[in-house]
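Have a look at this prediction, sequence included:
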Number of protein chains: 2
Amino acid sequence: MAATIKDVAKEAGVAVCTVSFAMNGSAHVAEETKKRIFEAIERLNYRPNQSARGLVTKRTNNIGLAVSETADGLENGILLDVIKGMGQAAGQYNYDVMLSFQKPHAAKPDDHLLDVYRKQSADGLIMMGTKKGEMPYRELVAKRFPFVLLGRPSAECMCHSVNADNEQGAYMAVEYLAGKGHRRIAFITPCSLEVDASQDRLNGYRKAMTDFFGGADDELLAYGSFAADSGYAETERLLSLKDRPTAIIAGRDAIASRVIEKAAELGCKVPEDLAVVGFDNSVVSQVARPSITSIELPMLEMGYRASNLLIQLIEGGISYDNTQRIVLPCILHARESA
Amino acid sequence: MAATIKDVAKEAGVAVCTVSFAMNGSAHVAEETKKRIFEAIERLNYRPNQSARGLVTKRTNNIGLAVSETADGLENGILLDVIKGMGQAAGQYNYDVMLSFQKPHAAKPDDHLLDVYRKQSADGLIMMGTKKGEMPYRELVAKRFPFVLLGRPSAECMCHSVNADNEQGAYMAVEYLAGKGHRRIAFITPCSLEVDASQDRLNGYRKAMTDFFGGADDELLAYGSFAADSGYAETERLLSLKDRPTAIIAGRDAIASRVIEKAAELGCKVPEDLAVVGFDNSVVSQVARPSITSIELPMLEMGYRASNLLIQLIEGGISYDNTQRIVLPCILHARESA
DNA sequence: CGATTTTGCAAAAACGTTTTTGATAACCGA
DNA sequence: TCGGTTATCAAAAACGTTTTTGCAAAATCG
C-alpha cells in the first residue's frame, strides 16, 4: 500500500541504494540526483518503513518508559510530566516514546517491562516507580542495555540514574521555616519508607533539624501513609502535644491540604498559628486556601534529562561504565501557608 | 547479541520454521517437539525480534496516541487517564502504546503526528486534542488507516470516535441543581468555544435551561477562558446582577474553585447562598473546601474503549465503513458545594 | 495391500531497508 | 597519454522473522 523505497527509486530513475544514500547521507550523491530523489519522496509521501530499517540498523528509534505498578499511586502530574519531558527530548533526537506498563496480574509481572527490551522494540529504557529492593532492571544492566533509573538513587545498582534531591528538598523546607523563626517543626512522611523518596525526605528533615536546632525530636515525626487522610489524624496528635509544633512539613501536598483542614477545625490558623509546607507543587498546592508553600520535584526536567542521558547511551556518546547519577535540586514555591 | 530464532532452532534441534510454527500455532507441531522448543526458548530467554516480525507480518503490535498541541493545556489527569486506559486495553491484546507529540516548532507540526503512520511504526492511531476545523487525521482516514478520534465528535469526518457526552453532562448539572430548587443557574464556559467540549457543554446547559425553565437567560452566561482566573471576574459580575444566580456551573473545576473563592470574598456562602458545580472531577474538586460537586468525564474508560475499538479495526473485527461513534455518559459526583 | 490422506517438519522465498563491494566515468597531474 | 584519484551510482548480501510449498513418513481406508 504505502510507497516503498523501490517506488521512490523507480520514480526518480535511480537504484534503491541511491535513494538510501541520499536520505541518510551515507555516500556521495550528485546534487542533481538528490533533487530528483527528494522530489520523488515528496510526491509519494515516502517514509522509510521502521521495521525494515530497524531490522538492518538494529535501531528502532524508540525509547521506552517502563512504569511499574508502584507508580500507579503517584501524583497524577508526576508521571505525566515525566512523559512530557521524555517527549521533548525524544522529539529533538528523532525518537518516539513507548510506554510499557507492568501487568499486575501476570505470573511474572516484571516480565512485561523487560519484554520491550527482549523484543528489541526500543533502543533504551527508562524505569520509574520501583521500590527499594525491587530490581526488575537487573537483567538490563547485566546485558548493558541502555537504561536509566528514574526517581530513585541507583546506589543498589551500578546504573545511570536521574533523581530529584528529596533530601535537599526536605532540608530546604526546614531551612525556610527556620528562617521564619520556627523551631518546633514537625514532619509527616509522604508514604511508606519503602519508597526511597519518602526515606530521603525524612533524612533531609532530620539532617536539617540537627543542623539548625541540634537534633530532631521524634515526637514531631509522624509516619503518614499514602492516603491523604493520614495527615488528618496525625495533625490532631501533633497539635495536641504539650510543646506543639508551629510548623508542619507534609510529605505530599495532598497530605498538607488535610493538615490545613484539620488545623482549621482545631481553631488553628494557617499560617499565623501553624505554618504548612507540602511537597510536589501539584495543583492542590495552588488551589488550596490558603495556597500551600510547596517543594517542587522537577519531574519534567527529570524526564528530559533521563531521556537525554539514555539517548547518549544509545548513540555511544557516553559509556555504560562511567555511571552518571544526575540529581536535580528541588525548588521551593513560597505561597500563603508558610 | 540477543538470541535469535536460529539459536532456538539449533538448541532444540529443529528448523527455524518449526520454532515459528510452535510459537504462533500456525501449523501442527508434535507435542514432544513443541516441548523441546519451548524449553529452548525458556533457556535462551528468546523473544522474536519485533522489527523482523513486523517486516513480514506488517504488524508492529503498537497502537499510537497522537497528542496535538492543544492537549497541552488539558487538565493533567485527563491525558494521563487516557494513557492508562490505552495501556489497559493494549495489555490485554498484546499491544504496546506509542506516544507521539506534536512538534510545535516544526514547519508542518502535524506531520510528526502522521509520521508514525507513514513510518508504519504503529498499527493504528488515536488522536486527541484537535480543535474544531483542525483535521490532521484526514490523510489517515482517506487511506483507511485504523484511526479513532478521541474527545471530539466525529461529525466533520466519517471516522470512528469515542467521546464523553459533554452535552448530557451539562444537562445533568442543570437537572441536579433544578432538583435542589435552583432556577437562576449561571454557566461559565470552560474555555474557547473552538474546543468542541466547550461548545457541547454550553449546548447542554442551554437545552436544560429551556427544558426546565422555558429558556436560558443570556445574562447568566459567561465566557470563560482557559485561565482559571476567568472564573474570578465573571463571578463578580454574576453575583452583582440584580436578579442574581443561586447556582453557578463552571466549565472546569479549576474555574469552580475560583468561583468559590470569589463568592467567599463577596460574603456569599457556598453552598448555602450559592451552589457551585464543576467539571472534570479532578483532584481540585476533592481538595477544595467546600469540596466541589463535579461532572466526571470518564477519560480512563474513553482511552480504554478507544483502544479496544482501534484494535478491532486493526484486526478486522469491525469494518472501517460502519462508523462507530461511542459516546460515554458523564458521571455526577455530589460533594459539598451543591 | 495399495491408494489416499494426514501429520510433522524442512527449504526457501519474501518483507523493505542499509551497507559493502564494485564498476564506470570523469577528472587530474605529470 | 596514462596511471591514479575521485565522484557517482548499481548489484547484491544481510538483517530475523513468517509463510508458502513440498516432501517423507505415518496413519487411514476400501
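Nice, thanks for sending it over. In this text the structure is predicted, and so the values were computed from the model without any measurement.

Please count neighbours and contacts with C-alpha atoms only from this point.
OK.

Chain B contacts on chain A?
Residues of chain A lying near chain B by Cα under 8 Å from any Cα of the partner chain: A:2, A:46-52, A:54-55, A:60, A:76-77, A:79-80, A:87, A:91, A:96-101, A:103, A:115, A:118-121, A:254, A:257, A:283-284, A:287-289.

Considering only these, which also neighbour DNA strand D?
Counting by Cα under 7 Å from any atom of the strand, A:52, A:55 from these sit close to DNA strand D.

can you give me the strands in the stretch 201-338 of chain A?
A:221-222, A:247-250, A:275-279, A:293-296, A:325-328, A:331-333 (DSSP state E, counting those that start in this stretch).

Show me which residues of the stretch 51-200 of chain A are close to DNA strand C?
So the stretch 51-200 of chain A meets DNA strand C at A:52-53, A:55-57 (Cα under 7 Å from any atom of the strand).

Run through the residues that contact A:Val174.
A:185, A:205, A:208-209, A:249 (Cα atoms under 8 Å, 6 or more residues apart in numbering or on different chains).

quick revisit: which members of the residues of the stretch 51-200 of chain A next to DNA strand C are classed as buried?
Buried members of these, scored by 16 or more other Cα atoms under 10 Å in any protein chain shown, are A:52-53, A:55.

Can you give me the pLDDT of the residue nearest to A:Val195 when sequence neighbours are not counted?
Spatial nearest neighbour of A:Val195, chain neighbours left out: A:Lys131 (5.3 Å); criterion: Cα to Cα, 6 or more residues apart in numbering or on different chains. Looking at A:Lys131, its pLDDT is 79.

Repeat that for the one 4 residues further on.
Here, the pLDDT recorded for A:Met135 equals 85.

before we move on, what about A:Met128?
At A:Met128, the pLDDT recorded in the model is 90.

what's near enough to touch the nearest residue to it once chain neighbours are set aside?
Spatially, and ignoring its direct neighbours in sequence, A:Met128 is nearest to A:Leu150 (5.0 Å; Cα to Cα, 6+ apart). Contacts for A:Leu150 (Cα under 8 Å, 6+ apart) come out as A:126-129, A:161-163, A:302-303, A:306.

What residues sit buried inside stretch A:133-143?
Under 16+ other Cα under 10 Å, the buried positions of stretch A:133-143 are A:136-137, A:140-141.

Go through those residues and flag which are in helices.
A:140-141 (DSSP state H).

Enumerate every residue touching A:Gln324.
Counting by Cα under 8 Å, 6+ apart, A:Gln324 has contacts A:159-161.

and if you look at A:Phe213?
So A:Phe213 contacts A:Arg183 (Cα under 8 Å, 6+ apart).

Tabulate the strands of the stretch 201-338 of chain A (CSV), appending mean neighbour count, distance to A:Lys34 and mean pLDDT.
As requested, these are exported to CSV (neighbours: other Cα atoms under 10 Å in any protein chain shown; distance: least, Cα to Cα, whole Å; pLDDT from 0 to 100):
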stretch, mean neighbour count, distance to A:Lys34, mean pLDDT
strand A:221-222, 20, 69, 94
strand A:247-250, 29, 62, 97
strand A:275-279, 31, 55, 97
strand A:293-296, 26, 50, 98
strand A:325-328, 18, 43, 96
strand A:331-333, 20, 50, 98
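
Tell me how far the residue nearest to A:Asn45 when sequence neighbours are not counted lies from DNA strand D.
Using Cα to Cα, 6+ apart and skipping residues adjacent in sequence, the residue nearest A:Asn45 is A:Ala3, 7.5 Å away. Between A:Ala3 and DNA strand D the distance is 17 Å, computed by Cα to the nearest atom of the strand, to the nearest Å.

Repeat that for A:His160.
27 Å.

I'd assumed A:Leu149 was in contact with that residue.
Yes - if you go by Cα atoms under 8 Å, A:His160 and A:Leu149 touch, sitting 6.2 Å apart.

buried ones in stretch A:94-111?
A:95-103, A:109-110.

cool, stretch A:52-70 as well?
A:52-55, A:58-69.

Low-confidence ranges, chain A, go.
Within chain A, the segments meeting pLDDT under 70 span A:70-76.

Out of the residues of chain A next to chain B, name the ones that lie in strands.
Within the residues of chain A next to chain B, residues falling in strands by DSSP state E are A:96-101.

Sort out which one of those lies nearest chain B for me.
A:Met98 (4.5 Å; Cα to the nearest Cα).

can you pull the contacts of that closest one?
Applying Cα under 8 Å, 6+ apart to A:Met98 gives the contacts A:62-65, A:122, B:96-99.

List phi and psi for the residue of the stretch 101-250 of chain A found nearest chain B.
Here the stretch 101-250 of chain A gets closest to chain B at one residue, A:Lys119, 4.8 Å apart by Cα to the nearest Cα. Main-chain torsions, A:Lys119, degrees, to the nearest 10: phi -70, psi -10.

got it, and A:Asn61?
Here A:Asn61 shows phi and psi, under degrees, to the nearest 10, equal to phi 60, psi 30.

Surely it is in contact with A:Asp123?
Yes - assessed by Cα under 8 Å, A:Asn61 is found in contact with A:Asp123 at 6.4 Å.

Verify the contact between A:Asp229 and A:Ala256 for me.
No - if you go by Cα under 8 Å, A:Asp229 and A:Ala256 don't touch, sitting 9.7 Å apart.

For A:Arg184, give me its contacts.
A:220, A:244-247.

Many thanks, I have nothing further to ask.
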